[in-house]
Every structure is written in structure tokens, then in C-alpha cells.
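> Okay, here's the prediction I keep looking at, along with the sequence it came from:
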Amino acid sequence: ASIDSIGQIVDAYLLTQKGKRGEKRKLEAWVAAKPFWNDKRLHQIVPDVDGQKGTGQAYIEQRQRAANTIRKELGLVNTALFWAKAKTLIESVPKIKLPPMPESAVEHLTKAQFRRFLAGCYAPHVKLFVQLAVTTGARATALLELPWIRVDLERRQINLNPAGRIQPDNKRRATVPINDRLLPLLIDAKQGARTPFVIETGGERILSIRKGFEAASVRSGVHCTPHMLRHSAAVWMAEARVPMAEIAAYLGHKNTRITEAVYARFHPDYLRRAARALDW
């Protein structure tokens, strides 16, 4: 039977995620989203464009949940649609707009806090992960899946997106440079590598870094999660006056709109020219 409904598309996509990291989270997101989306056909999806209230906005208003919750649920639907298009199961992907990330969600560390947290990381693989995370701005999954074959020490680049992976708009992965701080750490780690993966310990690949972060948070007195390091990287770049377009490219954002909405206020010159105009 041909794929005709959102439910069929998401169910087919979820079958490809069995046994993979994040499967449980995706299944939970679909349990919440399924009653609204399951029976909808592609031709019934009204795009959220040009101020028009689309199907995505209708879902947001019906769910009445926190923005981060809605983003996970709609993110799953979007990811499944892009997967289906890449597999030529559908011809085009309707635009389903995610709610903007709330400012309160930008939890990050100052550089002083980061140094304290890093000192609390005792296990070598946790310490390497933390330094890799804050210098690449990558999500935890991308780093835990990163093999040495995509780390080019000669060109000083890391390709965070594996071959064949679909690049959904909300989970894009960039190719980022290796800076002077990170380079010697990676050289040392590669010399001692016992698996094809960058983050390893005892000759085994690491699938979750959560316990290492919890232990380091207790030791250092600085609460930190892996995603806070992605935010920290973006905030530090903004504070250093790095252009929003460059930060967007570094984080893998499709355009600068979400970058500006979340991180522009951390730029030292943010609205300063406007403020200077308000004088008499």
C-alpha cells in the first residue's frame, strides 16, 4: 500500500529507529502527537507561512504545552517527513512551523563556570566529551556517534553528519573547524583509541554520557547538561561579536532566524545603536 497519511509515514520512520539511541524519546513524542496527526493526509496539511495559521499552529494551540515539548513532537513529525522524501516515498514536505525556543531555555555556563565543571570531570572520556562539546557546539548524539573517520586532523575539520543521514531542518549537523585548544586533545585521544569512535572508554563505545555529567555536576557544584554546552558555545561566540550568520552555520541552523531569536541578546552591541538614538 502506498504511504498516504502522516501516521503511516511516522510509523515507517520509527521502524528504522528500533534499537537506536533516542528511540524511546521519539516513541513518547509520537504517543503525544499521534491523536492529532495520525489520520491527516499530506494534501490536508496547511503550511505555516506568510502569517497564515497552518496545521502546525493548530496543533500548538490544541496541545497547549510548553514550547520545548511541542518542538520535540513536531520535530519528530518533520524528521519523519524529510526521511520519507529522501526515500522518495513522498514528493514534497509540507512546512510545519515549530514554536520558537523560549529565552528561558538558554541555560549556559560562563567560562569560569565551565572551567570549574571541567575540573570536576575525572573520567578521561567525560573530560574529552565536555571539551569537544563546547568547541564544536554539537548535540550529544552527534558526538557520541562520531567516528574518527570523520575527524580530519590534517585539515582540522570535524564532519558531524554521517553519510546517508537525513538533514532535518531542526537537527542539522555542520562541518566545524578544530581550534587550537581542541587539536592536541584529539591528537592524544586518537593515539590511544581502541575503537573507531572518538568517545570511548576501556575499549568500548560510550552510548550515554548522563552519569558522567551528573557526577561532575556534584563534584564541581556547577549544574551542567550536554545541551547546556551547545548553548554555551553559541553564547560565547555571540559575546565575542561573532556574526549571527557564522554562529548559525557553526550550530547547523538552516538560517539565522532561530540563531538571532535565541542568541542575539548576548551580543555586546545588541540594540545599542537603537538605545543611543533615544537621547534628548
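Structure's in. What do you need? None of these values were measured; they are calculated from a predicted model.
> Show me the contact partners of the helix or strand containing Lys211.
Of the helices and strands defined by DSSP states H and E, Lys211 is found in helix 210-220. Contact partners of helix 210-220, identified using C-beta atoms under 8 Å, 6 or more residues apart in numbering, comprise 116-117, 119-123, 125-126, 129-130, 223-226. (Glycine included, C-beta is placed from N, CA and C.)
> mind saving the C-alpha coords of that helix as PDB?
Extracted in PDB, the C-alpha atoms of helix 210-220 (Å, rounded to 0.1, in the frame of the first residue of the first chain):
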ATOM      1  CA  ARG A 210      24.500  11.300  31.500                       C
ATOM      2  CA  LYS A 211      26.100   9.700  34.600                       C
ATOM      3  CA  GLY A 212      29.400  11.400  33.900                       C
ATOM      4  CA  PHE A 213      27.700  14.800  33.800                       C
ATOM      5  CA  GLU A 214      25.800  14.100  37.000                       C
ATOM      6  CA  ALA A 215      28.900  13.100  38.800                       C
ATOM      7  CA  ALA A 216      30.900  16.200  37.600                       C
ATOM      8  CA  SER A 217      28.000  18.500  38.500                       C
ATOM      9  CA  VAL A 218      28.100  17.200  42.100                       C
ATOM     10  CA  ARG A 219      31.900  17.400  42.400                       C
ATOM     11  CA  SER A 220      32.200  20.900  40.900                       C
END
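> what's the next secondary structure element after that helix?
Following helix 210-220 in sequence order, the next helix or strand is helix 226-239 (DSSP H and E).
> So which elements touch the next helix or strand along the chain from that next one?
Note on helix 226-239: by DSSP H and E, the next helix or strand toward the C-terminus is helix 244-251. Counting contacts by 3 or more C-beta pairs under 8 Å, 6 or more residues apart in numbering; DSSP states H and E, helix 244-251 is packed against helix 226-239, helix 256-263.
> now the ones you listed as a markdown table including mean pLDDT and distance to Val106?
Formatted as a markdown table, those follow (pLDDT from 0 to 100; distance: least, C-beta to C-beta, whole Å):
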| stretch | mean pLDDT | distance to Val106 |
| --- | --- | --- |
| helix 226-239 | 95 | 5 |
| helix 256-263 | 89 | 6 |
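> circling back to that earlier point, by neighbours, which of the contacts of helix 210-220 wins?
Neighbour counts for the contacts of helix 210-220 were taken using other C-beta atoms under 10 Å; the highest belongs to Cys224, with 26 neighbours.
> Name the nearest residue to that one, sequence neighbours excluded.
Phe117 (5.0 Å; C-beta to C-beta, 6 or more residues apart in numbering).
> and the one you found, what helix or strand is that in?
Per DSSP H and E: helix 111-119 holds Phe117.
> Need the residues that contact that helix.
109, 127, 130-131, 134, 216-217, 220-222, 224, 229, 232, 236.
> thinking again about what came up before, now, of the helices and strands packed on helix 244-251, which is deepest in the fold?
Stretch with highest mean neighbour count among the helices and strands packed on helix 244-251: helix 226-239 (a mean of 21; mean count of other C-beta atoms under 10 Å).
> picking up where we left off before, relative to Pro94, which of the contacts of helix 210-220 is nearest.
Pro226 (31.5 Å; C-beta to C-beta).
> Spit out the contact partners of that closest one.
Contact partners of Pro226, counting by C-beta under 8 Å, 6+ apart, are 129, 133, 139-140, 209, 213.
> Give me the pLDDT for the residue nearest to the spatial centre of the chain.
Computing the C-alpha centroid of the chain and ranking residues by C-alpha atoms, centre = their mean puts Arg139 first, at 4.6 Å. On pLDDT, Arg139 comes in at 92.
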